[in-house]
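Visitor: Take a look and give me a structure for this.
(one chain, ligands or ions: 3)
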Amino acid sequence: MSLLELDGVKVHFPIKKGLFFDRTVGHVYAVDGISLKVEAGETYGLVGESGCGKTTLGRSVLRLVDITEGSVVLDGTDLAKLPGEEMRRFRRRLQMVFQDPLGSLNPRQNIESILSEGMVAHGIGKDQEERREKIKAILERVGLPSNALSRYPHEFSGGQRQRIGIARALVLEPDVIICDEPVSALDVSIQAQVINLLEELQEELGLTYVVIAHDLAVVRHISDTIGVMYLGSLVEEAPSDALYAEPKHPYTKALMSAVPVPDPEVEDKRERILLTGDLPSPANPPSGCRFHTRCPWAQAERCATERPQLRDLGSGHRVACHYAEEIAAGTLKRTTGEVVSATREGVEDAPAAEDDEPATKTPAASAAETEAEADTADAAKAAPVDGADAGDGADAGDGAETVDKAETVDEAEAEAEAESTDAAEAAEKAEPAVSAEKAEKAEQSEAAAETETETATETETETETETESKAESETAGKADSVDEAASAGTTEEPQKAV
Ligand SMILES: Nc1ncnc2c1ncn2[C@@H]1O[C@H](COP(=O)(O)OP(=O)(O)OP(=O)(O)O)[C@@H](O)[C@H]1O
Ligand code: SF4
Ligand SMILES: [Mg+2]
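Guide: Ligands and ions are numbered 1, 2, ... in the order given. Predicted structure coming up:
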């Protein structure tokens, strides 16, 4: 039996109307029948467009939202049926790391207080002294200085705050950590550090992760299995390599067709599948196959009326499409949907990008580039994310080393002192490295860039201290939510309370 098993999980939010009589006039079908298994010690990556229900699914596992139907079985116990008090005890074994590290940390508590809160609630450590020692060890493990204990969240940079979020989960010794967009709020260079840290912790502590992301590059290199969600359902699930090598669902194909290929010859011939229409509302999902309104292969009748189930097409590659085999074999012709040359599309979308590389890249562009670089280097699992870390200038293969070097914040800060801003800019502009010397230069520059960002944030936060009273009054609402969440023994994300 798998460590975590979801079977037919549905989360439907009622839509209420009326001033005096609360009438339910419909439902938001945020999660609509998801079944998946997460093996102990592995990582399950969940990807999909914004609003497809990823966060709701994650929250349903922790019972932070009510499950309308289905079961969530952790280690043989169905959490969906557990009474409140028992569920509270189980929650120690299931922790969540949130997208916005600052928003999920109470600004009025110091780090020791934030981290010991859950330990006290779950009876970990016989006294505060013992808890403090454990917190110190974990802070060190996640790369934070021991003096972090007495500091407040606003005194840390974004990357450091995410490390605190991870430490908060770790002190409770969980079995499963659900990471909801753990790096999407972070600078691209810091993203790689956090992803690497998660991987190292998994190896050391045998953790099991569910990583939610909209960035294909992030989930690819950390996940053993990947599930692709569309409008509350899983449309495809496969071992990570198999999914990227041969996506079988039309939606996954369209997503993947947007990812650049590192080989220039292949890239020149790459075709991009353009989906037509907008993502339908989860309050009014299309009949039959949810994707039929946008699917380039949609067939009359069947696709609009019959909802496809996830079918195993072999080696654990599950696809929810009536015509997956025919599409893979090329015997089913596209009925709609434009296919354009990726090169042409790139030229049309961003005419200036041809000659002049923009000074600031969008995260999506960086991630795509990262992917391309990493693939070129044929690097190991973590490398492509590391490639992003190398700030476009370094060889992806060296990325891992870069991250390791700047792994702890202290080291990174020390390096920052020795480096200049110009060096960071140079790394940004540098061509893909071919010589060892060039790669090394870019590596150093990149480390400087990372630390520059962190130092800058720290300086910013110092200035913020002056206006602390204003900030505190602004965040008071959030803080209350945190308090409530903490006292209820939950890990509910305060700013996202709905
Ligand atoms: N408490 C709620 N009440 C009503 N609708 C909700 C609630 N929470 C989420 N939804 C709706 O459910 C759908 C799925 O939301 P969810 O936050 O799970 O998506 P997501 O995939 O995590 O998106 P994103 O990538 O933007 O974080 C959305 O349409 C959202 O508006
Ligand atoms: S079932 Fe039909 S509409 Fe749905 S993905 Fe397959 S071909 Fe497209
Ligand atoms: Mg979300």
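Visitor: Near ligand 2, which residues of the protein are found?
Guide: Applying C-beta under 6 Å from any ligand atom, one finds that the chain approaches ligand 2 through 250, 289, 291-292, 295, 297-299, 303, 308, 321-323. Any C-beta I mention is one placed from the backbone N, CA and C, and that applies to glycine too.
Visitor: In TSV: those residues, plus distance to Leu82, neighbour count and secondary structure.
Guide: Below are those laid out as TSV (distance: C-beta to C-beta, whole Å; neighbours: other C-beta atoms under 10 Å; DSSP: H, G, I helix; E, B strand; the rest coil):
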residue	distance to Leu82	neighbour count	secondary structure
Pro250	39	28	helix
Cys289	34	26	coil
Phe291	34	25	coil
His292	38	22	coil
Cys295	39	26	coil
Trp297	42	23	coil
Ala298	41	21	coil
Gln299	43	15	coil
Cys303	39	23	helix
Pro308	32	21	coil
Cys321	35	26	coil
His322	37	22	coil
Tyr323	41	20	coil
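Visitor: and which of the residues you listed is nearest ligand 1?
Guide: Nearest to ligand 1 among those is Phe291, at 15.5 Å by C-beta to the nearest ligand atom.
Visitor: Which neighbours in the sheet does the strand ranked longest in the chain have, and how are they oriented?
Guide: Counting residues, the longest strand in the chain under DSSP state E turns out to be strand 23-38. Note on strand 23-38: by DSSP bridges, its sheet partners are strand 4-17 (antiparallel).
Visitor: hmm, who's touching the partner strand?
Guide: Strand 4-17 is contacted from outside by 22-38, 53, 56-57, 60-61, 65-75, 80, 176, 208, 210, 283, using C-beta atoms under 8 Å, 6 or more residues apart in numbering.
Visitor: of the residues you listed, buried ones?
Guide: Among the contacts of strand 4-17, those buried by neighbour count (16 or more other C-beta atoms under 10 Å) are 27-38, 53, 56-57, 60-61, 65, 67-68, 70, 72-74, 80, 176, 208, 210.
Visitor: restrict those residues to contacts with ligand 1.
Guide: Among those, the residues lying close to ligand 1 (C-beta under 6 Å from any ligand atom) are 28, 30, 53, 56.
Visitor: which SS class is the residue lying closest to Val9 once chain neighbours are set aside?
Guide: Nearest residue to Val9 in three dimensions, chain neighbours excluded: Gly70, at 3.7 Å (C-beta to C-beta, 6 or more residues apart in numbering). Here Gly70 is recorded as strand under DSSP: H, G, I helix; E, B strand; the rest coil.
Visitor: Touching, Gly70 and Gly33? I think so.
Guide: Yes. Using C-beta atoms under 8 Å, Gly70 is in contact with Gly33, at 7.3 Å.
Visitor: for ligand 1, what are the nearby residues on the stretch 101-250 of the chain?
Guide: His214.
Visitor: Quick one: residues contacting the closest residue to ligand 1 within the stretch 101-250 of the chain.
Guide: Distance from ligand 1 to each residue of the stretch 101-250 of the chain (C-beta to the nearest ligand atom) is smallest for His214, at 5.2 Å. Residues near His214 by C-beta under 8 Å, 6+ apart: 47-50, 54, 181, 184.
Visitor: Out of the residues you listed, which comes closest to Pro264?
Guide: Val47 (26.8 Å; C-beta to C-beta).
Visitor: tell me the contacts of the closest one?
Guide: Contacts of Val47 by C-beta under 8 Å, 6+ apart are 54, 212-216, 219, 226-229, 255.
Visitor: just the strands in the chain please.
Guide: Using DSSP E, the strands found in the chain span residues 4-17, 23-38, 43-48, 69-74, 77-78, 94-97, 176-180, 208-213, 225-230, 233-239, 271-274, 311-312, 318-319, 338-341.
Visitor: What strands flank the third one, and is each parallel or antiparallel?
Guide: Strand pairing for strand 43-48, determined by DSSP bridges: strand 208-213 (parallel), strand 225-230 (parallel).
Visitor: from the ones next to ligand 1 among the buried ones among the contacts of strand 4-17, which single one is nearest ligand 2?
Guide: Looking across these and measuring by C-beta to the nearest ligand atom, the closest to ligand 2 is Gly53, at 17.6 Å.
Visitor: Check whether that closest one really touches Met229, as I assumed.
Guide: Yes. Counting by C-beta under 8 Å, Gly53 does reach Met229; the two are 6.1 Å apart.
Visitor: what's the distance between the closest residue to Ala258 other than its chain neighbours and ligand 2?
Guide: The spatially closest residue to Ala258, leaving aside those adjacent along the chain, is Arg272, at 6.1 Å (C-beta to C-beta, 6+ apart). As judged by C-beta to the nearest ligand atom, to the nearest Å, Arg272 and ligand 2 stand 18 Å apart.
Visitor: Show me how the record splits this protein into domains.
Guide: What automatic domain parsing lists as the domains of the chain is 4-18+27-229+473-491, 230-281+293-345.
Visitor: Of these, flag the one that's most buried.
Guide: A comparison of the domains of the chain by mean neighbour count, using mean count of other C-beta atoms under 10 Å, puts domain 4-18+27-229+473-491 on top with a mean of 20.
Visitor: Quick one: mean pLDDT over that one.
Guide: The average pLDDT within domain 4-18+27-229+473-491 is 88.
Visitor: Can you get me the start-to-end distance on stretch 321-332?
Guide: Stretch 321-332 has its terminal residues 13 Å apart, counting by C-alpha to C-alpha, to the nearest Å.
Visitor: pLDDT averaged over that stretch, what's the number?
Guide: What stretch 321-332 shows for mean pLDDT is 94.
Visitor: Check stretch 308-318 too.
Guide: Here stretch 308-318 scores 94 as its mean pLDDT.
Visitor: Quick one: end-to-end distance for that stretch.
Guide: 11 Å.
Visitor: Quick one: residues contacting Val171.
Guide: With C-beta under 8 Å, 6+ apart, Val171 has these contacts: 115-116, 118-119, 124, 131, 134-135, 138.
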